[in-house]
Structure formats: C-alpha cells, structure tokens
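J.: Give me a 3D structure for the following:
(chains A and B)
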Amino acid sequence: MSLGPDEVRRIAWLARVAIREEDIPDYARNLSRILDLVGQMNAADTEGVEPLAHPLELPQRMRPDEVTESDQRERFQAIAPLVERGLYLVPKVIE
Amino acid sequence: MHERTIAELAHGLRAGEFSAVEVAETFLRRIEALDGRLNSFITVTAERALEQARAADERLRRGGGGPLTGVPIAHKDIFCTDGVRTSCASRMLDSFVAPYDATVVERLRDAGAVMLGKTNMDEFAMGSSNETSYYGPVRNPWDTERVPGGSSGGSAAAVAARLVPGATGTDTGGSIRQPAALCGITGLKPTYGRVSRWGMIAFASSLDQGGPMARTAEDVALLLGAMAGFDPRDSTSVDRPVPDYASELARPLRGLRVGLPREYFGEGLEAGVREAVEAAVRVLESEGAEVREITLPTTPLAVPAYYVVAPAEASSNLARYDGVRYGYRCENPRDLEDLYMRTRGEGFGDEVKRRILVGTYTLSAGYYDAYYLKAQKVRRLIRDDFMRAFEEVDVIAGPTSPTTAFRLGERLDDPVTMYLSDVYTIAANLAGLPALSLPVGFAGGLPVGMQLIGRHFEEGRLLNVAHQYQLATDWHRAAPPGFE
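T.: From the prediction side, this is the model:
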C-alpha cells in the first residue's frame, strides 16, 4: 500500500491537521509503511467471523436521563483560549 | 527511607516510626536532587504534597487512615488533577489546568495517598520510548543513554530510581508493562473495565486501561485495591466487587498451570531476554507450577490489527482538540478552518499526527470494511486464541518485550520498528485481559521483564504468582547504580 503526496494532503485536510509542505514526503513514506504493516492482517481468514467491538462483549450500560453535572461555566471558560461576555470566540463564520 | 516499599512505608507510618511529612520531604528531596538526570516528572506538586501529608499525619494521629495513608505516589500526566496542569505531554495541553479529578486520582487520594507530582510520558500515550513527549525524553536510570520504554516511561523511571515508591500508568498496547520491564519494576494492566477511565485522557477507548506501577507485586496489589472498582461515570466500567488482592498473595503455586506460547519465544527475541525468562519459568516450576507449551496462532496479526483499531479510535477521540474551548490555539487564524488546521498542526507532535492520519484514512469512505471491520474480526480471533489456551492453563508466561532498553533515538525515525517493541503486549489489550510485568534478571546489565497474562478479572492470580516469585528471588530489589 503506497500513499502519494496528494493522498496525504487529502487525509490531512479530512483530519483538519495542517502538514507543512516539506514534511509531506516523510508522512507519505511513513504512512505507507504503517499501512503495509496493517496489510498483514489480510493473511487471516475471517470468513464468517463476527467483529469484536468490546473486549468483554458487554452491552453499553444505560443511565437514567437525569442532570448530574453542576454548572461550572466560569471554571471551564477560565481555561478557554478566547472568551467574551461568556461566549467562546472563533473567527467570523457568517459575513 | 527511600528503599522502603509501599507496604513498609504504610506499616512504619501506622506504627509512628516516621511521619507522612518526613516521608514526603524525603522523596521530594530525591526528585529535586536526581530527576535532572531522568526528566521523569513534568510537574512536581511539592506544596500540595506537604499539605496532603500533614492531613495524613493528622488522620494517623487520630488512629484513622486507610492502607495508603501518607504513602507518596505520582500520577502519569494523562490523569486529570483538579487545579494542576494536566498536559498529556503535549503542546496541545501545555496550559491545560484540569477542572476536575480523574476517578483514579480521587480514589487514591481517598485511600490516603499523597501526590508528589505528574510524570512524563509519550505524547497522548502514543509511543514505546517516551521520546515523543513535548517535554523531552525520559532517561532510563539503568543507563541514561537509553530509553525507559513508554508510554508510561516517567512513572517507570521514577519508581525504578526510588524517586517515588509507586505511580499510576495507563496501558493501551503495553504502556505500563513495557516500561516496567525496561526499568526493572512491576506493573499491571488490569482487565478492561476494572479501573475507571473517567478523567483519564482518552487515546483508544476500547483498549485504554489505567493501572499501578511499583517495585513489588505486593505494592501493586495495594495500589490496585484502591484504584479498582465500579464507577457510574465510566460507561465501560464493570460492576463487579473488588477482591482483597493482598489476601490472595500468599497462595502457594503448587498445581498452577503455566502456558508458554510458542509464538512468544520465536524470531526477534534477544537471547539474553530469552535466557532470563526461561530461568524465571524454572523458578515457578521449582515452586510447584506445571509448565507446558501452548500456541496462540493469531499472535503475528496482533500488531497489524492494533494499528488499525488504536489509530481509528485516536483520530476520533482527538477530534476534540480544536482550539476553541481549551488547550492550544494558533496565532491569528484567518478563518475557522485555518484555526482548526493550524491549531492541530502546531499543537500535536509528529507521532500523534501520524496516528490521526492513519485513523482518518482507515475510517474514510470506502475503506471501513477493509480496515476497521477486518481488524475487529482479527481481534475476535486473538481473543478466541486466549480463551482456548485458558481451558488448559491458568496463567500465560513469556517475555514482556523482545529486547532490553534501546538507545535514545535508535527507533525514533522508524515508526514500524518502534511499534514492534509491543509485539508481546498488544494482544492482551485487544482481548481485554489482565497482564503484569515483573523483573526477572538482567541481560547486558539491563533489566528483563517477564509478562504474565491471566483470565478476565484474575488480577489476583497474577499478583499471587508474581509475589511468590519475588519471595523466591531478589531481582525486584536491585537498584540502578547512582540511585541506590
């Protein structure tokens, strides 16, 4: 499995991770090697095998739909990169 | 003082031989004097530690306190600590002061443990050498030109160097056991669901499990007893009573059936590691255990399946780091997309970015069946191998890592070689099984670890076997030169 520079750029965009142009060849080479390693899985015959999502195969526990958290807005906003009047600020998205 | 185990410190504290403040001061002085050589701590919380130690002394004076009252510990910097920076060794969280305590932190504090600080690790627990930390690599106390293993390398190095008697770690593919082996200490990855993941920063949620690291199995048992148990805040926490691990330690090994997987002693295993592990198996035999060869045929596919499952889950878990609500944000973003892209590009290190990209790729449209679904099927084959083996044997034994500690930088540019450091540890995570590493000797002057894997929820059996081995041997007492 070999990934080219364009594929690396596309995946990086999907993941919303900026990769510097000069680093693209390194990423392409290393990701290709990792996918080669992963490709060894294909040696296994998994015909009719049920996928295992949870190691103990336990169902997800449900909880009552009740409020359990207290209001900690001030604390949470104190560690935010940019807030104003209680709002998280990001660059303008609507003109 | 610093040579004492957790059990010995707890005993001395209850008997009034010394105070919790004296104990905390001793270890804080050692950290200050010696950690410059190791870089095992990211944050030292001296003031808070002395405050907790004074409170412990007060409880002890009144005749109260639990099994860990006044015992110093350190937390891997992946566990959220209220009011203390929790960085996950990433630039992304360099300024993140957690607004709450992880369940593990809360439970150990309630048991009376005194937190000395937060230990270094691979960034977001992704690594097997502790070299991907934003705060620089940790060095192995047995040879400071070598890695301590990872990702819980700071906890392992600090415990081995007697900077703290016990510490927490997390293990997604070997991150407690491999550094425990490379630093010559004892470390346990519990059954998936045994220890709460609440407040433990997520890497791969179907594999991650927190656990204890210390010098002896007895100390690991004491820490696990405080950490384990049902937590309604973790939806995968299992509601089962916690046994008294300490009371299981004394059981003799007569009749114990130990399986040696043929696949764990093959190509790639260093001769010195093999010899030390084989000698350790003979000790178990002389204690009355019956040893037989077993086979785990899907073993070669564990690392490939893991490098689908873990990056896929990581790419989804790490989507939360967007520069909006907490953590790093890039300078002067042009627009929202630029904010996301550059925040994540600058905030994450190379290995984390690689894994996010691998996970994004394998989960992207058209690839899901070929990668994630296939890996989950292989995961079942791996689990089935163990289930079959555990019909014949009680415990599986083998090397924890194929080599002893490698040199700093040696595998850094070669992710696939680095991934193969975890060839014997990853399968237990995929199957959710408890597994422990204990020191069983040296090869070329460097510690060798033996791994014991048990049935689901049989942590007590693993600790029992390790404890009986440690009663018969002295390897766990060896101290790195310069850190005695």
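J.: Closest residue of chain A to chain B?
T.: A:Pro55 (2.5 Å; Cβ to the nearest Cβ). Every residue, glycine included, has its C-beta placed from N, CA and C.
J.: Which of the three states applies to that residue?
T.: Following DSSP: H, G, I helix; E, B strand; the rest coil, we place A:Pro55 in the coil state.
J.: correct me, but it touches B:Phe386?
T.: No - assessed by Cβ atoms under 8 Å, A:Pro55 is found out of contact with B:Phe386, at 10.3 Å.
J.: tell me the contacts of residue 19?
T.: Using chain A. A:Val8, A:Arg9, A:Ala12, A:Tyr27, B:Gly345, B:Lys353 (Cβ atoms under 8 Å, 6 or more residues apart in numbering or on different chains).
J.: right idea, wrong chain: chain B
T.: B:Leu13, B:Ala53, B:Asp57, B:Leu60, B:Gly70.
J.: Next, name the residue at the spatial heart of chain A.
T.: The residue lying closest to the centre of chain A (Cα atoms, centre = their mean) is A:Ala15, at 6.8 Å.
J.: thinking again about what came up before, pick the one among the contacts of B:Ser19 closest to chain A.
T.: B:Ala53 (26.8 Å).
J.: For the residue of the stretch 1-150 of chain B found nearest chain A, which non-adjacent residue is spatially closest?
T.: Nearest residue of the stretch 1-150 of chain B to chain A: B:Pro99, at 4.7 Å (Cβ to the nearest Cβ). Distances taken as Cβ to Cβ, 6 or more residues apart in numbering or on different chains place A:Arg75 nearest to B:Pro99, at 4.7 Å, with adjacent residues excluded.
J.: B:Gly153 now?
T.: Per Cβ to Cβ, 6+ apart, closest to B:Gly153 is B:Asn130, 2.9 Å.
J.: mind listing what's buried in the worst-scoring helix or strand of chain B on mean pLDDT?
T.: Least confident element among the helices and strands of chain B, by mean pLDDT, DSSP states H and E: helix B:415-419 (a mean of 91). By 16 or more other Cβ atoms under 10 Å in any protein chain shown, the buried positions in helix B:415-419 come out as B:Pro415, B:Met418, B:Tyr419.
J.: now, which of those residues lie close to chain A?
T.: Near chain A, judged by Cβ under 8 Å from any Cβ of the partner chain, the entries from these are B:Pro415, B:Tyr419.
J.: With respect to chain A, which of the buried residues of helix B:415-419 is nearest?
T.: The closest of those, once distances to chain A are taken by Cβ to the nearest Cβ, is B:Pro415, at 5.5 Å.
J.: give the contact list for the residue nearest to A:Gln72 when sequence neighbours are not counted.
T.: Nearest residue to A:Gln72 in three dimensions, chain neighbours excluded: B:Pro99, at 6.3 Å (Cβ to Cβ, 6+ apart). B:Pro99 makes contact with A:Gln72, A:Arg75, A:Phe76, A:Ile79, B:Asp82, according to Cβ under 8 Å, 6+ apart.
J.: how does it look with 10 Å?
T.: Going by Cβ atoms under 10 Å, 6 or more residues apart in numbering or on different chains, B:Pro99 touches A:Gln72, A:Glu74, A:Arg75, A:Phe76, A:Ala78, A:Ile79, B:Cys80, B:Asp82, B:Gly83, B:Thr86, B:Tyr326.
J.: In terms of pLDDT, where does the fourth one sit?
T.: Looking at A:Phe76, its pLDDT is 93.
J.: what helix or strand does it sit in?
T.: helix A:73-78 (DSSP states H and E).
J.: quick one: contacts of that helix?
T.: Outside helix A:73-78, the residues touching it (Cβ under 10 Å, 6+ apart) are A:72, A:83-84, A:86-88, B:82-83, B:97, B:99-100, B:325-326.
J.: And for stretch B:364-376?
T.: By Cβ under 10 Å, 6+ apart, stretch B:364-376 touches A:10-11, A:14-15, A:35, A:38-39, A:41-42, A:44, A:46, A:49-54, B:206, B:301, B:304-313, B:315, B:358-363, B:430.
J.: at 8 Å instead, please
T.: A:11, A:14, A:38, A:41-42, A:46, A:51-53, B:304-306, B:308-309, B:312, B:361-363.
J.: same deal with stretch B:277-294?
T.: B:252-262, B:389, B:392-393, B:396-399, B:440-441, B:448, B:450, B:465, B:468-469, B:472-473.
J.: and the helix or strand hosting B:Leu438, which strands flank it?
T.: Following DSSP H and E, one finds B:Leu438 within strand B:435-443. Listed by DSSP bridges, the sheet partners of strand B:435-443 and their directions read strand B:186-189 (antiparallel), strand B:446-454 (antiparallel).
J.: What pLDDT is listed against B:Gly66?
T.: In this model, B:Gly66 carries a pLDDT of 86.
J.: which helix of the chain spans the most residues?
T.: As the question left the chain open, I've gone with chain A. As assigned by DSSP state H, the longest helix anywhere in chain A is helix A:24-39.
J.: Chain B, not that one
T.: helix B:374-392.
J.: Within its sheet, name the partner strands of the helix or strand that comes right after that helix and how each one runs.
T.: From helix B:374-392 onward toward the C-terminus, using DSSP H and E, the following helix or strand is strand B:395-399. In the sheet, strand B:395-399 lines up against strand B:257-261 (parallel), strand B:446-454 (antiparallel) (DSSP bridges).
J.: if you compare those strands, which one is most tucked away?
T.: Mean neighbours per residue, mean count of other Cβ atoms under 10 Å in any protein chain shown, is largest over these for strand B:446-454, with a mean of 27.
J.: which non-adjacent residue is nearest B:Pro212?
T.: B:Leu223 (3.5 Å).
J.: Hmm, B:Ala214 and the one you found touching each other?
T.: Yes - applying Cβ under 8 Å, one finds B:Leu223 in contact with B:Ala214, separated by 6.2 Å.
J.: Most distant residue from the centre of chain A?
T.: Chain A, Cα atoms, centre = their mean, max distance from centroid: A:Arg85 (30.5 Å).
J.: Quickly list what's touching both of B:Leu223 and B:Ala214.
T.: With contacts taken as Cβ under 8 Å, 6+ apart, B:Leu223 and B:Ala214 have B:Ile6, B:Gly166 as neighbours in common.
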